[in-house]
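**Q** Here's a sequence, model it:
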Amino acid sequence: MNWLEDHEAAVSSLICCGGGFIALAWSTVNPGLNPSRFYASGVAGLFGAGAIATAIKGLKEEERSIIKRDTADEIFTIYQAAEVQTVQNILFPLSPMPTPPGGMNTYYQMEFNQLPSELDYYNWDGLADEASGILVGGNSGSAKTSLGAGFIVGKLTAVTPAEVIVLDIHQRKNIIWKQMGFPRVESDVETIYQIMCWLIQEIERRKQEDGHPLIVCLDEINDTLSELEQLDIVKPLPGKEKRRNTFIYAIRKLSNARKFDICLLGFMQSHNTEAIGIDGKFRNNFLLVLCGASARGEIQNIWKHDDPRFLHIKNTAYPVVISGSNPLQIAEHPTHKHHTKYKKKGNAPANLIQPRFLDKSSIPIYGVEEQSQDFEEDYPTRQPSNLEPQLPRFNFQKAPEKPKTNPVINGVEFFLPEILEILELAKDNGELSIRQAYKSGAGQRLKLTSESTLLVFEKFVEARLGRIEHRQIGGAVQIIFIPS
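**A** Numbers count the residues shown, from 1 in each chain. Below is the predicted model:
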């Protein structure tokens with residue numbers, strides 16, 4: 001019976017073939033057209049179809065039996081190998097290998113598409129090597145000027161001093177240029193345009209001969225473009241030349257001028273470089289340092305909202321993101337990371353790095369109606385020539401001044417001697433509040449504010465000249481400097 005069950009399909013096929021053969025023989029022995037021959041032919045066809053069907057079924061069953069046998073053999077082989085490995089592990093145990101620190105955590109973080117809880121911040125020490133040109137973007141109050149003037153320029157000149165010029169149409173509002181001792185600040189829009197034209201020629205000249213390091217701090221790019229556009233309307237240049245187009249061309253050319261020892265440090269009001277005429281091609285030439293709302297706008301559609309980096313940028317008072325020529329990365333604000341609350345009017349900076357200025361000047365002094373405030377004494381106002389209004393004018397008559405030696409107390413250098421007058425005032429009074437300091441004669445000459453006065457007090461503490469005390473007077477806290 002077992003044999004019959006195993007070969008059921010084959011027996012059925014043989015029976016169908018035999019029945020079909022008998023029916024075919026029956027139809028053969030009945031010649032002519034008669035019902036018997038017709039019936040015999042039909043029966044023969046049915047038996048033939050049955051034989052084919054049972055043969056196919058037999059082939060399928062045989063295929064399944066072969067698969068079962070092969071699978072069983074493979075499982076048995078794996079089982080045997082597992083048994084052998086188990087015996088080997090018992091007889092010859094492997095030396096335990098410690099799991100790398102954080103290895104399992106990293107695995108599960110990768111498995112669930114999460115990032116490590118420890119954030120990777122940009123290393124500011126590589127700034128001088130990585131930046132061909134630098135664009136600092138940020139809304140008003142995001143401390144972008146403090147970052148550039150009080151930190152980036154200091155980093156760029158830490159090893160090699162450089163000639164530094166500031167082009168800022170709002171320089172009277174940005175007192176940090178004067179506080180940090182920048183030697184030349186130009187605010188006249190036509191003078192700024194002429195200097196940018198000179199920089200285009202200087203790059204071409206330096207392709208043939210070398211020059212000393214030069215850093216151009218171009219602040220308020222958006223507003224400068226608007227001023228030039230208006231100037232093109234009210235005072236157009238001859239031909240079809242537009243000051244705005246030349247200005248944008250100069251920025252693009254300066255984006256790759258580091259090889260000629262010229263570095264552009266530009267300041268814009270958002271992360272959108274197209275607003276200043278810089279498309280994606282030139283955008284990646286710059287190291288973008290984006291602050292405040294510009295940092296948040298840059299990552300808005302890139303990082304997920306539960307990403308630790310996104311949450312850090314969202315919840316930090318003064319966030320910074322690095323982009324452009326470098327991969328997108330978060331950074332700590334060098335001068336404002338200690339503040340936990342954002343103020344639109346600005347918080348006092350810290351960790352400022354004093355730039356090292358080169359005692360050379362190669363950029364011409366252009367004859368314009370309004371000279372820069374910082375150069376009125378050194379370069380008297382002259383009437384520009386009607387024949388050659390665009391030519392640079394050099395002052396060859398005045399001998400170069402000897403570099404001034406700044407006072408150094410306990411290893412701390414004071415770049416403005418007037419600051420020591422505030423120290424003397426504090427010694428005379430026994431103590432000095434911030435309000436008394438910036439209302440004093442020296443404070444008025446230095447144009448101090450409450451924030452900058454606090455920096456002066458911190459400078460005194462750094463030089464071990466006294467201490468700062470916070471006093472609760474009524475509902476306000478008063479900051480007092482007490483000299484030692």
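**Q** What are the boundaries of the strands in the stretch 201-350 of the chain?
**A** Secondary structure of the stretch 201-350 of the chain by DSSP state E, counting those that start in this stretch: the strands cover 214-218, 262-268, 286-291, 320-324, 329-331.
**Q** now these as JSON lines including distance to residue 465?
**A** Every C-beta, even on glycine, is put in place using the N, C-alpha and C of the backbone. Formatted as JSON lines, those follow (distance: least, Cβ to Cβ, whole Å):
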{"stretch": "strand 214-218", "distance to residue 465": "31"}
{"stretch": "strand 262-268", "distance to residue 465": "33"}
{"stretch": "strand 286-291", "distance to residue 465": "33"}
{"stretch": "strand 320-324", "distance to residue 465": "33"}
{"stretch": "strand 329-331", "distance to residue 465": "33"}
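**Q** could you say which helix or strand contains residue 196?
**A** helix 189-206 (DSSP states H and E).
**Q** got the angle between that helix and strand 214-218?
**A** Here helix 189-206 points in a direction 150 degrees away from that of strand 214-218 (axes from the mean of the first three to the mean of the last three Cα atoms, to 10 degrees).
**Q** Helix 189-206 - contacts with which helices or strands?
**A** The helices and strands touching helix 189-206, judged by 3 or more Cβ pairs under 8 Å, 6 or more residues apart in numbering; DSSP states H and E, are strand 163-167, strand 214-218, helix 221-234, helix 243-254, strand 262-268.
**Q** ok, 10 Å please
**A** Here helix 189-206 touches strand 163-167, strand 185-186, strand 214-218, helix 221-234, helix 243-254, strand 262-268, going by 3 or more Cβ pairs under 10 Å, 6 or more residues apart in numbering; DSSP states H and E.
**Q** what pLDDT, on average, does it get?
**A** Averaged across helix 189-206, pLDDT comes to 93.
**Q** Figure out which of the strands of the stretch 201-350 of the chain is closest to residue 444.
**A** Smallest distance to residue 444 across the strands of the stretch 201-350 of the chain (Cβ to Cβ): 26.6 Å, for strand 214-218.
**Q** Show the end-to-end separation of stretch 233-245, please.
**A** 13 Å (Cα to Cα, to the nearest Å).
**Q** re the thing from before, give the buried residues for the helix holding residue 196.
**A** 189-199, 202-203, 206 (16 or more other Cβ atoms under 10 Å).
**Q** could those go into TSV alongside distance to residue 235?
**A** Shown next, in TSV, are the buried residues of helix 189-206 (distance: Cβ to Cβ, whole Å):
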residue	distance to residue 235
189	11
190	9
191	14
192	15
193	11
194	14
195	18
196	17
197	16
198	20
199	22
202	25
203	27
206	31
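**Q** Between all of the residues you listed, which two are at the greatest distance?
**A** Across the buried residues of helix 189-206 (Cβ to Cβ), the longest gap, 25.8 Å, separates 189 and 206.
**Q** Give me the nearest residue to residue 291, chain neighbours excluded.
**A** Distance criterion Cβ to Cβ, 6 or more residues apart in numbering; nearest residue to residue 291, sequence neighbours excluded, is residue 138 at 3.4 Å.
**Q** The one you found: neighbour count?
**A** Residue 138 is flanked by 25 other residues according to other Cβ atoms under 10 Å.
**Q** now do the one 5 residues further on
**A** Taking other Cβ under 10 Å as the neighbour definition, residue 143 ends up with a count of 28.
**Q** Report the contact partners of it.
**A** 136, 150-151, 291-292, 317-318, 320, 333-337, 339, 342-343, 346-349 (Cβ atoms under 10 Å, 6 or more residues apart in numbering).
**Q** Repeat that for residue 160.
**A** Residue 160 is in contact with 128, 212, 213, 261, 356, 358, counting by Cβ under 10 Å, 6+ apart.
**Q** confidence score at residue 451?
**A** You'll see residue 451 listed with a pLDDT of 77.
**Q** Isn't it up against residue 348?
**A** Yes: at 4.1 Å, residue 451 and residue 348 qualify as touching, with contact defined as Cβ atoms under 10 Å.
**Q** More neighbours: the two, which one.
**A** residue 348 (19 against 16).
**Q** Hmm, residue 459 and that one touching each other?
**A** No: between residue 348 and residue 459 there is no contact under Cβ under 10 Å: 11.9 Å.
**Q** hang on, the earlier thing: residues contacting the residue nearest to residue 291?
**A** So residue 138 contacts 144-145, 147, 267-271, 289-295, 318-320 (Cβ under 10 Å, 6+ apart).
**Q** what's the answer for residue 210, then?
**A** Contacts of residue 210 (Cβ under 10 Å, 6+ apart): 260, 261.
**Q** ok, now how distant is it from residue 355?
**A** Residue 210 sits 22 Å away from residue 355, going by Cβ to Cβ, to the nearest Å.
**Q** same deal with residue 482?
**A** Residue 482 is 31 Å from residue 355, by Cβ to Cβ.
**Q** again with residue 134
**A** Distance of residue 134 to residue 355, computed by Cβ to Cβ: 14 Å.
**Q** Would you mind giving the secondary structure of the closest residue to residue 429 other than its chain neighbours?
**A** Closest residue to residue 429 apart from its sequence neighbours, by Cβ to Cβ, 6+ apart: residue 436 at 7.5 Å. For residue 436, the assignment made with DSSP: H, G, I helix; E, B strand; the rest coil gives helix.
**Q** got a list of what residue 436 touches?
**A** Residues in contact with residue 436 (Cβ under 10 Å, 6+ apart) are 422, 425, 426, 429, 443, 453, 480, 481.
**Q** Give me the local confidence score for it.
**A** Predicted confidence (pLDDT) for residue 436: 83.
**Q** go on, residue 58?
**A** On the pLDDT scale, residue 58 is placed at 69.
**Q** Sketch out the low-pLDDT regions of the stretch 51-200 of the chain for me.
**A** Along the stretch 51-200 of the chain, segments meeting pLDDT under 70 span 51, 54-55, 57-58, 70, 72-74, 76, 79-117.
**Q** mind running it again at 80?
**A** The stretch 51-200 of the chain contains residues with pLDDT under 80 at 51-118, 130-132, 173.
**Q** all helices for it, in order.
**A** 103-111, 127-130, 144-147, 153-156, 176-179, 189-206 (DSSP state H, counting those that start in this stretch).
**Q** Could you figure out how far the last one is turned away from strand 163-167?
**A** What that stands for is helix 189-206. Here helix 189-206 points in a direction 140 degrees away from that of strand 163-167 (the same axes, to 10 degrees).
**Q** Format the CA atom coordinates belonging to helix 189-206 as PDB.
**A** Output in PDB follows, covering the C-alpha atoms of helix 189-206 (Å, rounded to 0.1, in the frame of the first residue of the first chain):
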ATOM      1  CA  VAL A 189      30.100 105.300  -0.600                       C
ATOM      2  CA  GLU A 190      32.000 106.800  -3.600                       C
ATOM      3  CA  THR A 191      35.300 106.300  -1.800                       C
ATOM      4  CA  ILE A 192      34.300 102.700  -1.100                       C
ATOM      5  CA  TYR A 193      33.500 102.200  -4.800                       C
ATOM      6  CA  GLN A 194      36.800 103.600  -5.900                       C
ATOM      7  CA  ILE A 195      38.700 101.300  -3.400                       C
ATOM      8  CA  MET A 196      36.900  98.300  -4.700                       C
ATOM      9  CA  CYS A 197      37.900  99.300  -8.300                       C
ATOM     10  CA  TRP A 198      41.500  99.600  -7.100                       C
ATOM     11  CA  LEU A 199      41.300  96.100  -5.500                       C
ATOM     12  CA  ILE A 200      40.300  94.700  -8.900                       C
ATOM     13  CA  GLN A 201      43.500  96.200 -10.400                       C
ATOM     14  CA  GLU A 202      45.600  95.100  -7.400                       C
ATOM     15  CA  ILE A 203      44.600  91.500  -8.000                       C
ATOM     16  CA  GLU A 204      45.700  91.700 -11.600                       C
ATOM     17  CA  ARG A 205      49.000  93.300 -10.500                       C
ATOM     18  CA  ARG A 206      49.700  90.600  -7.900                       C
END
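**Q** Please consider this matter closed, and thank you.
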